[in-house]
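K.L.:
I would like the atomic coordinates for the input below:
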Amino acid sequence: MFGKYNDTPAAISLGIYLIGGLFYTVQLLFMTEAWLEGNGIGPEAVGVARVLGFTWLGLTISLLRTYSTGPDGQNAYFTAMLIAQIGILLNLWHQHLFAGAATVLDDAIIVSVLTALLLIGYFRIRSRL
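P.N.:
As a prediction, the model looks like this:
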């Protein structure tokens, strides 16, 4: 599975990121109400949370595809994924630090780790993109 990457550390980093993405996909699509309640958000946000879940689903399936086809020529995909991930990271930390949303701290920490893993994988394979 890691053979197409020709870079085992990058494949492992992106694989762990993939597991994190699948975790958020399951949480947002199948445990939406519980996730919203745990973050202090009302049930009126179910639709938006599920849209976010389908976004995570698309990102993770596309990343999974790169394990079978290789990352070559996937620059646009990885750039879009980086932009989305950094946006999520900045949003969560802004909510925690400036908007006073104490319930997002766990997500902010998890997304920080996922962002670091994505950046490690990206910078190791960017010459092939």
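K.L.:
what residue ranges in the chain score low on pLDDT?
P.N.:
For the chain, applying pLDDT under 70 flags the ranges 1.
K.L.:
element containing the residue nearest the centre of it?
P.N.:
The residue lying closest to the centre of the chain (C-alpha atoms, centre = their mean) is Gly21, at 4.7 Å. Assigned by DSSP states H and E, Gly21 belongs to helix 8-30.
K.L.:
counting by contacts, list what that helix packs against.
P.N.:
Packing partners of helix 8-30 (3 or more C-beta pairs under 8 Å, 6 or more residues apart in numbering; DSSP states H and E): helix 46-69, helix 105-125. Where you see a C-beta, it was placed from the backbone N, CA and C, and this is true even at glycine.
K.L.:
distance of Pro71 from Phe2?
P.N.:
Per C-beta to C-beta, to the nearest Å, Pro71 is found 11 Å from Phe2.
K.L.:
most tightly packed of the helices and strands packed on helix 8-30?
P.N.:
Stretch with highest mean neighbour count among these: helix 105-125 (a mean of 17; mean count of other C-beta atoms under 10 Å).
K.L.:
ok now that one, how far from the chain's centre?
P.N.:
How far helix 105-125 lies from its chain's middle: 8 Å, per C-alpha atoms, centre = their mean, to the nearest Å.
K.L.:
quick one: contacts of that helix?
P.N.:
With contact meaning C-beta atoms under 8 Å, 6 or more residues apart in numbering, helix 105-125 is reached by 5, 7, 9-11, 13-14, 16-17, 20-21, 39, 71, 78, 81-82, 85-86, 88-89, 92-93, 95-96.
K.L.:
re the thing from before, please name the nearest non-neighbouring residue to the residue nearest to the centre of the chain.
P.N.:
Thr60 (3.8 Å; C-beta to C-beta, 6 or more residues apart in numbering).
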